[in-house]
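Colleague: Just a sequence and a predicted model for now, questions to come.
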Amino acid sequence: MFQDYWNAVIQAQSGQSDDPASLFDGIATDATTEDNVGIAQRYAQEGITRVGEPVISDVTVNVVSDSGVVSACVDESDWVAQLPDGSTLPPPEEQLAPHPVVFEVVGSDGSWLIGDPIEPGGTITC
């Protein structure tokens, strides 16, 4: 489920989908889908695409009843923003090394959806 979410994020930001919202069907909540579609649309309007892929590691899922959290370390150093002229923008400094991400996980109709991001604070180290 978490890898499916990241695959959708990667494809949406790569500019390869005419309908980025459909990439998140059955994977993310409506709010999380809207956030990701908004990012993809802003990139498209500016002619920016992301090339390469982030490296996802140390995935942990904690579920209680019908909700939980998923956390991981994400290294975005090889997932760069490419401008229309082919030049690339370096990732922000905080993305140059593995950094923690945490998301709410929500049970919905017998499956799990990625929900809102949660500030990891100091609870996770990468």
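Modeller: Thanks, I have it. Keep in mind that this is a model prediction, so the values were computed, not measured.
Colleague: residues near residue 52, how many?
Modeller: Neighbours of residue 52 under the rule other CB atoms under 10 Å: 15. In short, each C-beta sits where N, CA and C put it, glycine included.
Colleague: Pretty sure it sits against residue 78.
Modeller: Yes: Residue 52 is within contact range of residue 78, at 4.5 Å (criterion: CB atoms under 8 Å).
Colleague: residues in contact with residue 112?
Modeller: 1, 63, 105, 106 (CB atoms under 8 Å, 6 or more residues apart in numbering).
Colleague: That one is in what secondary structure piece?
Modeller: Take DSSP states H and E as the rule and residue 112 turns out to sit in strand 111-118.
Colleague: any idea of the mean pLDDT for that strand?
Modeller: For strand 111-118, mean pLDDT is 94.
Colleague: roughly how far out does it sit from the chain middle?
Modeller: Remark: strand 111-118 is offset 11 Å from the chain centroid, using CA atoms, centre = their mean, to the nearest Å.
Colleague: Give me the buried positions along it.
Modeller: Across strand 111-118, burial judged by 16 or more other CB atoms under 10 Å covers 112, 113, 114, 115.
Colleague: before we move on, what about stretch 35-44?
Modeller: Quick answer for stretch 35-44 (16+ other CB under 10 Å): 36, 37, 40, 43, 44.
Colleague: Please apply the same query to stretch 20-36.
Modeller: 20, 21, 23, 24, 27, 28, 29, 32, 33, 36.
Colleague: again with stretch 63-72
Modeller: For stretch 63-72, the neighbour count (16+ other CB under 10 Å) marks 68, 69, 70, 71, 72 as buried.
Colleague: could I get those as JSON lines with distance to residue 92?
Modeller: Shown next, in JSON lines, are those (distance: CB to CB, whole Å):
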{"residue": "68", "distance to residue 92": "28"}
{"residue": "69", "distance to residue 92": "24"}
{"residue": "70", "distance to residue 92": "23"}
{"residue": "71", "distance to residue 92": "20"}
{"residue": "72", "distance to residue 92": "18"}
